[in-house]
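*Asks:* 3D model of this:
(chains A, B and C, ligands or ions: 2)
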Amino acid sequence: MGLIERLFREPRWGVHPDDHKRPAADAPLRVLPRPARVHLPLQQHVGGAARPVVLVGQKVLKGQLLAQSQGNISAPIHAPVSGTVTAIGEVTAPHPSGLGLAAITVEADGADRWIETDPVADPFALAPEEIARRTAAAGVVGLGGATFPAAVKFALGRRLSVRTLIVNGGECEPYLSSDDRIMRDCPAQVVDGARIIMHAIGAESALVGIEDNKPEAIAAMTRAAATYPEVKIRPVPARYPMGSDKQLIETLTGKEVPADARAAEVGVLVHNVSTCAAVHRAIRLGQPLVERIVTVNGGAVTRPGNVLAPLGCLVDDLLACCGVKEKPARLLFGGPMMGTLLPHGRVPLVKGASGVLAFTAAETAVPATGPCIRCGSCTRACPMGLLPLEMAAHIRAGDLDGAVGYSLSDCISCGCCAYVCPSHIPLVQYFSHAKGELAARERARLRTEAGRRLAEARLARLERDAKEKAELAARRQAERAAARARAGAAKPAEQTT
Amino acid sequence: MLAVVSLTALGIALGTLLGVAARYLAVEENPLEAELQALLPGSQCGQCGFVGCAQAAAALARGEASPTLCPPGGRAVTEAIAAKLGIRIDLSAVRDDGPLLAVVAEEICTGCCRCSKVCPTDAIIGAAKQIHNIIREACTGCGACLERCPTEAIGLMPMPVTLPHWIWPKPAVA
Amino acid sequence: MMPGSSERPVAAPYAATANSVRRVMTWVMAALTPATLFGFWLYGWPAVYLWIVTVAAATLGEGFCLRLMRRDAGPTLGDGSAVLTGWLLAVSLPPWAPWWIGAFGGLFSVIVGKQVFGGLGQNLFNPAMVGRVALLISFPVQMTAWVAPLPMFSVSAPGPLTGLMITFHGMQPAFDAVASASLLGFAKTEMARGIDLAQSLLHAPVPSWYGSRPGSLGETASWLIVAGGAAMICLRIISWHIPLAMLLGIAVPAALLHAVDPACYLDAGTHLLSGGAMLGAFFIATDYVTSPNTPRGQLVFGAGCGLLSYVIRTWAGYPEGVAFAVLLMNSLTPVIDSYCRPRIYGRDRRGAALEPEK
Ligand code: SF4
Ligand code: SF4
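*Replies:* Ligands and ions are numbered 1, 2, ... in the order given. Now for the predicted structure:
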């Protein structure tokens, strides 16, 4: 069978970085002491920012809606603690730029009183649309880092009649173990969530892909799924980026997602294990997404491990909980391969952050960049089959279109190429720069076009105005002439009388 | 009565004729010129030194103007023109401070309405004796309104960088 | 400094391999060391001196160019690429060549072969082979004056001092007796004289089983070269594509033609073990900068190198053709690279999006 063969064949792509997952993965889950206040950015997901529905000074309960979704692709935000809304303003975004992001700040009252929830005893009796509606209302987004609203994907899966749900337990990024932890600690929730999603999209089976460097998770999940033959646990080789949708789909089903198409078009849908658990809680318990498991790891952390933390707590709170040995020289959300650089520790935890990494100065020291020696390592590592060296050379020379010719748009920014480069060329930064520039250029083009349309509309208006004025003037003149004519006609009559 | 009707008819006929003439008697355009004009912002702001974008396009087509002529167009327009004309150009020399926006200083605006009359994209709204305002989405940053303001209440500022518009800097070449 | 507060944030990934240019170069040199040491033993002190001169010249040339361009010479010299270029050139020279051959070749390789193009990574041609071909064309006599092996410490071998005289003072008449021809050269001249191979090979210089034969340092110890190459393949420094394709490119036509007419064509084994075939396949043609990047491109490139080597050896005026073949294929590398791109995930070979399979 092709599937088995593919499973055991070493993939031709990717890299094998030191995974640094233990001991953090083996430390029991800790719970973050309740922070005094939380900051909830209105945009923690792909799509439109949520719109606040609370006022400053308003008292809120845990799980209460703070901001509702806006537009087709969006997600609502809920209060992770009970307390008082103290501000609706800007906080530093978890983003390398350190720009601001609109957020709601809630001061905790310490009671942690839940709002009334609406648990469902038998989700399989609900209509699939109802499950999607409840998931959307609970603000569940892809927790693996993509943060795409889960319910939108459900609808897509139904529309394209997806048959296989793929549950992504790859977690290939070094240092991270939050998915590993959730599979070890609550495998039943994950399996139940997966089954609910299958019901919501009408899938027949679920394949849970777990990298084989997590034997405990595989064992726990196998036990939890034992009674459900439709949920199959599939160990996959540990290799970065196995957790990327396209690579996992190819490894598990042998199908390749066509360029510019969605996974649903080949009949599969991918959801992360943590997302499955969140769906389980949203449906079975009626609880919106207000907390998540975060891995706190890195050389600067004293007691690395996984922490259950309310959304909106500060990175500094998480670090304080796990202890820091020395002032971290670099802070990240997510893993070292694709993570987001944080400007400082006073940024709030967001839904998509699966880990907080604090690196020491020694760990962040990078070797100097050298010239490209055309060794081809990057080409061999690229999971998308691209030629990173050629793309980077074109971008360096300012020829963005040349890079597009080498299919820059297919790059998933996985970082394999930059990781293996013996000359330590920041390839991904070249690509991110070029993608940003191209997007900016496209925006400028649209703007220019909109401007031209407006200018044309204005000219047309001026022309119309002039014409109308001319007509009006002509009519006036005609009326005046007519009046004069009438007057002329009246005068002789007068004279006759 | 007859006179009213006939003169009105005459007015309408003349107006239509004017309109039609403007359409049909327009100068036969050079195709390259038309294509170039399509690349220009079309706001007729005149910053290039020509009366409008059409004249600038004509000059470009004749090779009398440099592709760098359009300040509001920035690098993107320069590059598009250079590509159309088949010229290689050093883009790094083109000044591009990113898109600009006009802003009205509310405390100085007298509500004279002069600016809104010249805005090529109708981006300025406001009534007489009221503070005028600029619609960000429609402003092309051409600066036509700047000179018109008697109280110098309008200034140009770079469009603020927002999160989705932030771009990774290009790595420094080692 | 606060994390990330620097002016220019660095993008992910925030992890990197331990691999570096320096490491790669060091491994290649390590793989070349056994064969070189064997060559030193076989040809004695003059070979050692020539090697030193060549490597020093290449390093000096690089340092000089960097100084001229006001770049910091430290990191670039430290990566070892110039040393490797000099080394590769040295092992392809006649071991008793005078010092100025090595000096000229080393400087020429690095300056004209590499720095003129813009330094490491920018050169189109393999620098060592550029140097070798320049020498071959300019000084054909010195470049084809091979000597029979005179193992170091053997009675008739030149001692360290006599070695100095040979390298720096021109060849001593006393050693004229050892002047010899390489096997390929011998076969070629005999063929030209109208003596067919069946006859001439009877009194050809006999190669010994362990590689003692007249030739360059890199020509004699074929099996040590192969061992070095195999080690590099195992360490993933190079891939197997170019060496295999190149050796096949030589061996297949050689075997075919030898089967057709053994009197005119040398057999495949002789071809593989002679001249720079092994050195070329494992160390020269596999140069990263001047060879294609994709496996398919590398197969094409290797096969081209092999075929051209065979063609030049057999029908052209020179007895040895590896250097020319590699340079010719180097010039085709950009073309090969643009035709042999890897297939992009989700697209077919021509770059169109795949049809979704349900
Ligand atoms: S080119 Fe893009 S997809 Fe390929 S390895 Fe680099 S970052 Fe990953
Ligand atoms: S890995 Fe680095 S040095 Fe090697 S070809 Fe790619 S960009 Fe060049």
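*Asks:* Next, the buried residues of the helix or strand in which C:F104 is found.
*Replies:* Under the criterion DSSP states H and E, the helix or strand holding C:F104 is helix C:99-111. If you call a residue buried by 16 or more other Cβ atoms under 10 Å in any protein chain shown, then helix C:99-111 has these buried ones: C:W99, C:I101, C:G102, C:A103, C:F104, C:G105, C:G106, C:L107, C:F108, C:S109, C:V110, C:I111. C-beta here means a position set from N, CA and C on the backbone, and glycine is covered the same way.
*Asks:* and if you look at stretch C:295-313?
*Replies:* C:295, C:297-313.
*Asks:* quick one: which of those sit in strands?
*Replies:* If you go by DSSP state E, the buried residues of stretch C:295-313 have nothing in strands.
*Asks:* filter the buried residues of helix C:99-111 down to the ones close to chain A.
*Replies:* Residues of the buried residues of helix C:99-111 in contact with chain A (Cβ under 8 Å from any Cβ of the partner chain): none.
*Asks:* Reformat those as JSON lines; add distance to A:L66.
*Replies:* Formatted as JSON lines, those follow (distance: Cβ to Cβ, whole Å):
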{"residue": "C:W99", "distance to A:L66": "82"}
{"residue": "C:I101", "distance to A:L66": "81"}
{"residue": "C:G102", "distance to A:L66": "77"}
{"residue": "C:A103", "distance to A:L66": "77"}
{"residue": "C:F104", "distance to A:L66": "78"}
{"residue": "C:G105", "distance to A:L66": "75"}
{"residue": "C:G106", "distance to A:L66": "72"}
{"residue": "C:L107", "distance to A:L66": "73"}
{"residue": "C:F108", "distance to A:L66": "73"}
{"residue": "C:S109", "distance to A:L66": "69"}
{"residue": "C:V110", "distance to A:L66": "66"}
{"residue": "C:I111", "distance to A:L66": "68"}
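*Asks:* Tell me the one among those residues nearest to A:K214.
*Replies:* Closest approach to A:K214 among the buried residues of helix C:99-111 (Cβ to Cβ): C:V110, at 50.7 Å.
*Asks:* if I look at C:P319, how far off is C:G185?
*Replies:* 4 Å (Cβ to Cβ, to the nearest Å).
*Asks:* my bad, should have said B:L40
*Replies:* 70 Å.
*Asks:* could the buried residues of helix C:99-111 go into JSON lines alongside pLDDT?
*Replies:* Shown next, in JSON lines, are these (pLDDT from 0 to 100):
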{"residue": "C:W99", "pLDDT": "90"}
{"residue": "C:I101", "pLDDT": "92"}
{"residue": "C:G102", "pLDDT": "93"}
{"residue": "C:A103", "pLDDT": "94"}
{"residue": "C:F104", "pLDDT": "94"}
{"residue": "C:G105", "pLDDT": "94"}
{"residue": "C:G106", "pLDDT": "94"}
{"residue": "C:L107", "pLDDT": "94"}
{"residue": "C:F108", "pLDDT": "94"}
{"residue": "C:S109", "pLDDT": "94"}
{"residue": "C:V110", "pLDDT": "92"}
{"residue": "C:I111", "pLDDT": "92"}
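*Asks:* what's the closest of these to chain A?
*Replies:* C:V110 (14.9 Å; Cβ to the nearest Cβ).
*Asks:* May I have the residues that are in contact with the closest one?
*Replies:* C:A57, C:A58, C:G61, C:E62, C:C65, C:A82, C:T85, C:G86, C:P127, C:G131 (Cβ atoms under 8 Å, 6 or more residues apart in numbering or on different chains).
*Asks:* Quick check: what element follows the helix holding C:F104 along the chain?
*Replies:* helix C:127-138.
*Asks:* What is the following helix or strand past that next one packed up against?
*Replies:* Note on helix C:127-138: by DSSP H and E, the next helix or strand toward the C-terminus is helix C:140-143. Packed against helix C:140-143, as judged by 3 or more Cβ pairs under 8 Å, 6 or more residues apart in numbering or on different chains; DSSP states H and E, are the following elements: helix C:127-138.
*Asks:* what's the helix it packs on packed up against?
*Replies:* Looks like helix C:127-138 contacts helix C:81-90, helix C:99-111, helix C:140-143, helix C:322-339 (3+ Cβ pairs under 8 Å, 6+ apart).
*Asks:* centre of the chain versus that helix, how much separation?
*Replies:* 11 Å (Cα atoms, centre = their mean, to the nearest Å).
*Asks:* cool, and stretch A:320-336?
*Replies:* Distance, centroid of stretch A:320-336 to centroid of chain: 22 Å (Cα atoms, centre = their mean).
*Asks:* Could you report the separation of the residue positioned nearest the centre of chain B from C:G159?
*Replies:* Geometric centre of chain B, nearest residue: B:S43, 1.9 Å, by Cα atoms, centre = their mean. Distance from B:S43 to C:G159, counting by Cβ to Cβ: 88 Å.
*Asks:* cool, A:P52 as well?
*Replies:* From A:P52 to C:G159 the distance is 92 Å (Cβ to Cβ).
*Asks:* higher neighbour count, the two?
*Replies:* Between A:P52 and C:G159, A:P52 has the larger neighbour count (other Cβ atoms under 10 Å in any protein chain shown), namely 19 against 12.
*Asks:* Could you give the bridge partners of A:A358?
*Replies:* A:L331 (DSSP bridges).
*Asks:* oh sorry, the question was meant for A:A103
*Replies:* A:P41, A:G89.
*Asks:* List the contacts of it.
*Replies:* A:H39, A:L40, A:P41, A:L42, A:I88, A:G89, A:E90, A:V91, A:G312, A:P348.
*Asks:* helix/strand/coil for the closest residue to A:L29 other than its chain neighbours?
*Replies:* Spatial nearest neighbour of A:L29, chain neighbours left out: A:N306 (5.2 Å); criterion: Cβ to Cβ, 6 or more residues apart in numbering or on different chains. Three-state secondary structure (criterion: DSSP: H, G, I helix; E, B strand; the rest coil) places A:N306 in strand.
*Asks:* what do you get for A:A418?
*Replies:* A:A418 is classified as helix under three-state DSSP.
*Asks:* burial count for the residue nearest to it when sequence neighbours are not counted?
*Replies:* Residue nearest to A:A418 in three dimensions, not counting chain neighbours: A:L427, with 4.2 Å by Cβ to Cβ, 6+ apart. For A:L427, the count of nearby residues is 29 (other Cβ under 10 Å).
*Asks:* so A:L427 makes contact with A:A392?
*Replies:* Yes. The criterion here is Cβ atoms under 8 Å, and A:L427 meets it with A:A392 at 5.1 Å.
*Asks:* Please report the distance of the residue positioned nearest the centre of chain C from A:V54.
*Replies:* With distances taken as Cα atoms, centre = their mean, C:I284 lies nearest the centre of chain C, 3.5 Å away. Distance of C:I284 to A:V54, computed by Cβ to Cβ: 72 Å.
*Asks:* ditto for C:G249
*Replies:* 75 Å.
*Asks:* Compare the two (neighbour count), which wins?
*Replies:* Applying other Cβ under 10 Å to C:G249 and A:V54 shows that C:G249 carries more neighbours, namely 25 against 19.
*Asks:* So that one belongs to a helix, correct?
*Replies:* Yes. Under three-state DSSP, C:G249 sits within a helix.
*Asks:* Buried residues, stretch C:21-30. List them.
*Replies:* Under 16+ other Cβ under 10 Å, the buried positions of stretch C:21-30 are C:V21, C:R22, C:R23, C:V24, C:M25, C:T26, C:W27, C:V28, C:M29.
*Asks:* Which strands or helices does whichever helix in chain A runs longest pack on?
*Replies:* For chain A, the helix with the greatest residue count under DSSP state H is helix A:427-496. Applying 3+ Cβ pairs under 8 Å, 6+ apart, one finds that helix A:427-496 contacts helix A:388-396, helix A:400-405, helix A:416-420, helix B:2-24, helix B:74-85.
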